[in-house]
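K.L.:
Fold the following and give me the result.
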Amino acid sequence: MWTWLEKLLGRTPPRPKGPFGIGQLPAPRKTTLEILASQGHGKTSFLWGLMYMTRRLSGVWPQYAGWSQDPETENAIQSLCQAMINRELPAEDASDRNYHLLLRSMQRWGDRRLLVKDDRDPVFGGANGAAPGGREVNWGVPVCWLLSLPNLGDDEAQLIDVRLNNLVRARLQSGWSFEAQPLKLIVVLTKADRIPNLPTELRRYLKDDPLAIDVKAEAELLAHGLRPGDSAFRFDDKAVRSKESYLDRLWEIHGQIAAWLGSTLAGSLLERRAGAQHIDLRFCLVSATGSDLCSDGHMEINWRPHRVLDPLFWALELESR
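P.N.:
The predicted structure follows:
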């Protein structure tokens, strides 16, 4: 027992030992990434790319470490990584899975326990904000709405504000007030490499992903016999040495996407409806596979996830506010 005399002398009690004989680290903050998407809008592919990239960020953040919190998650991630190496695409029934991750020493955000659900969509696939299995949407965290414009027909593309209205009604039916508890919504344009009229600057941003470039370089160095810890793995100088600079770019791209969508009737109605409901709105774009060249359930070229970490970065930023 830590006595009053030892306290008086200014001594501090020893920290409990962790599994490796070092002081037990404080419990990291929990982050839930709530993802909503209609069928066919790339949810599982996006999550494959996200899980892959969260494992490879040590090349960008030298002190970073990310690992699974349970055997089920570890087995699932190993399986999807192998599938990506084999150029396989997710099966139609690849959903209904939870990913529990522990992300340590992320610059700016520190340590987080991350929970992501790949299941049937709770808003667009179920009724009254609940999926058939009974799961309800966690409206208290930033919500990612995956929207694939290439998967929308001309008529559907003109009604994206109506889809937002369905999301708004589901939240209201769950008892959340938009004025007292504004929704933090991240609109993620998936399969962005397939958007035919995507502005040149946005297409360049999608392609020139420094995080994806660094992960590819890391794989090439490993193939040449180098191992993590070698000075050649310090990519942070050319990638995200200052996380603020990456976030500045995220803000710029958010504004450019908003301006591009706002130039259309459907996009302007979307922003107007979001403003009327006091929604804290962010835009970003991703390409989970990097290409749509595929046949018989396989990619013709290797998977090249681009900007798949942007939705997570936005969620961490919005959650920190």
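K.L.:
quick one: the helices in the protein?
P.N.:
Along the chain, the stretches classed as helices by DSSP state H are 4-8, 43-55, 71-85, 154-157, 160-173, 200-207, 210-223, 243-262, 265-276, 310-320.
K.L.:
Which among those is found nearest to residue 118?
P.N.:
helix 43-55 (5.0 Å; C-beta to C-beta). The C-beta positions use only the backbone N, C-alpha and C, and glycine is treated the same way.
K.L.:
can you count the residues close to residue 39?
P.N.:
Counted with other C-beta atoms under 10 Å, residues neighbouring residue 39 total 12.
K.L.:
brain fart, residue 315
P.N.:
By the criterion of other C-beta under 10 Å, residue 315 has 23 neighbours.
K.L.:
Same check on residue 276?
P.N.:
Residue 276 has 10 nearby residues by other C-beta under 10 Å.
K.L.:
now do the one 5 residues further on
P.N.:
When counting by other C-beta under 10 Å, one arrives at 19 neighbours for residue 281.
K.L.:
rewinding a little: turn the helices of the chain into a markdown table, including mean pLDDT and distance to residue 96.
P.N.:
Listed next are those as a markdown table, based on pLDDT from 0 to 100; distance: least, C-beta to C-beta, whole Å:
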| stretch | mean pLDDT | distance to residue 96 |
| --- | --- | --- |
| helix 4-8 | 45 | 52 |
| helix 43-55 | 93 | 10 |
| helix 71-85 | 93 | 11 |
| helix 154-157 | 72 | 26 |
| helix 160-173 | 89 | 20 |
| helix 200-207 | 95 | 29 |
| helix 210-223 | 68 | 28 |
| helix 243-262 | 87 | 31 |
| helix 265-276 | 89 | 29 |
| helix 310-320 | 93 | 21 |
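K.L.:
quick one: which of those is nearest residue 298?
P.N.:
helix 71-85 (9.8 Å).
K.L.:
List the buried residues in the closest one.
P.N.:
Neighbour-count burial for helix 71-85, counted by 16 or more other C-beta atoms under 10 Å, picks out 73, 76, 77, 80, 81, 83, 84.
K.L.:
Find the pair from these with maximum spatial separation.
P.N.:
The widest separation within those (C-beta to C-beta) is 16.3 Å, between 73 and 84.
K.L.:
Mean neighbour count, the helices of the chain: which tops it?
P.N.:
Burial of those is given as mean neighbour count (mean count of other C-beta atoms under 10 Å); helix 43-55 ranks first at a mean of 23.
K.L.:
Keeping just the C-alphas, turn that one into CSV.
P.N.:
Extracted in CSV, the C-alpha atoms of helix 43-55 (Å, rounded to 0.1, in the frame of the first residue of the first chain):
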residue,chain,number,x,y,z
LYS,A,43,-18.1,0.3,-48.8
THR,A,44,-16.2,-3.0,-48.4
SER,A,45,-13.5,-2.0,-51.0
PHE,A,46,-13.0,1.3,-49.1
LEU,A,47,-12.6,-0.6,-45.8
TRP,A,48,-10.1,-3.0,-47.4
GLY,A,49,-8.0,0.0,-48.5
LEU,A,50,-8.4,1.7,-45.1
MET,A,51,-7.4,-1.4,-43.1
TYR,A,52,-4.4,-1.9,-45.4
MET,A,53,-3.2,1.7,-45.1
THR,A,54,-3.6,1.9,-41.3
ARG,A,55,-1.1,-1.0,-41.2
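K.L.:
tell me the angle it makes with helix 310-320.
P.N.:
Using axes from the mean of the first three to the mean of the last three C-alpha atoms, to 10 degrees, the direction of helix 43-55 lies 80 degrees away from that of helix 310-320.
K.L.:
re earlier: quick one: the helices of the chain as CSV, columns for distance to residue 284 too.
P.N.:
Converted to CSV, the helices of the chain look like this (distance: least, C-beta to C-beta, whole Å):
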stretch, distance to residue 284
helix 4-8, 50
helix 43-55, 11
helix 71-85, 22
helix 154-157, 19
helix 160-173, 16
helix 200-207, 10
helix 210-223, 13
helix 243-262, 7
helix 265-276, 15
helix 310-320, 4
